[in-house]
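1. Pasting the sequence and the predicted coordinates here, then a few questions.
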Amino acid sequence: MPILREGELDIISHNAEQTRRLGVKLGTLLQPGDILCLSGDLGAGKTVFSSGIGVGWGADEPLISPTFNLVHVHSRAKDSTPLYHLDCYRLSGVADVDAIGLDDILEARGIVVIEWAERIAPVLPRERLWIELRAFELTRRSVIFTAVGERYRKLVDQFTGRT
């Protein structure tokens, strides 16, 4: 796992199952208030990665693409922390952010997973974990973690096993 800069990590995934397992591993480390911003082209693996996050976090139901509903709220038996899974693909930009109730979601201090986060980046909190997925072969993906803020640098360190 190459570390490009402090708080940045680049991983090569060789197939969809490995991409999902990376999400599972990250999901086990999440805490209330964590914000994960996923970006990448259509078919890059954002929803596969998100579904793994849900498994690792312990969601009662599988995370599937919320493209038509824009937001899915998930729960788990372990506690009352919600996981908000947002898909901003259909948003035309920050002007549409009220349609998904982003302010209320962020105030709820649950786990927030945002697909197509680049569409609303200007209104997102500065501190967050940005995860860019890039397809560079039919099945291979680059998964780049960029941590902004102390919590997210620690999260990347936990993910890599450095702490």
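-> Now that the structure is in, tell me what you want to look at.
2. Tell me, please, where in the chain the pLDDT is lower than the cut-off.
-> Within the chain, the stretches with pLDDT under 70 are 1-6, 66-68, 163.
3. For beta bridges, what are the partners of the most centrally placed residue in the chain?
-> Computing the C-alpha centroid of the chain and ranking residues by CA atoms, centre = their mean puts residue 36 first, at 3.7 Å. Counting by DSSP bridges, residue 36 is bridged to residue 113, residue 129.
4. which ones are touching it?
-> 26, 30, 53, 111-114, 128-129, 131 (CB atoms under 8 Å, 6 or more residues apart in numbering). Every residue, glycine included, has its C-beta placed from N, CA and C.
5. Now do it against residue 95, distance only.
-> 23 Å (CB to CB, to the nearest Å).
6. next one: residue 123
-> From residue 123 to residue 95 the distance is 10 Å (CB to CB).
7. what number of residues lie near residue 80?
-> Using other CB atoms under 10 Å, residue 80 has 8 neighbouring residues.
8. just the CA coordinates of stretch 65-80, formatted as PDB?
-> The C-alpha trace of stretch 65-80 is given here as PDB (Å, rounded to 0.1, in the frame of the first residue of the first chain):
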ATOM      1  CA  SER A  65     -27.200   2.400  -4.800                       C
ATOM      2  CA  PRO A  66     -29.600   5.100  -3.600                       C
ATOM      3  CA  THR A  67     -29.600   6.700  -7.000                       C
ATOM      4  CA  PHE A  68     -33.400   7.200  -7.300                       C
ATOM      5  CA  ASN A  69     -34.100   8.000  -3.600                       C
ATOM      6  CA  LEU A  70     -30.800  10.000  -3.200                       C
ATOM      7  CA  VAL A  71     -30.500   9.000   0.500                       C
ATOM      8  CA  HIS A  72     -30.900   5.600   2.300                       C
ATOM      9  CA  VAL A  73     -30.700   5.500   6.100                       C
ATOM     10  CA  HIS A  74     -29.300   2.300   7.600                       C
ATOM     11  CA  SER A  75     -29.300   1.000  11.100                       C
ATOM     12  CA  ARG A  76     -27.600  -1.800  13.000                       C
ATOM     13  CA  ALA A  77     -28.400  -3.900  16.000                       C
ATOM     14  CA  LYS A  78     -25.300  -2.900  17.900                       C
ATOM     15  CA  ASP A  79     -26.400   0.600  18.600                       C
ATOM     16  CA  SER A  80     -28.600   3.500  17.400                       C
END
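9. where exactly do the strands run in this protein?
-> With strands called from DSSP state E, the chain shows them at 8-13, 35-39, 71-74, 83-87, 111-115, 128-135, 141-148.
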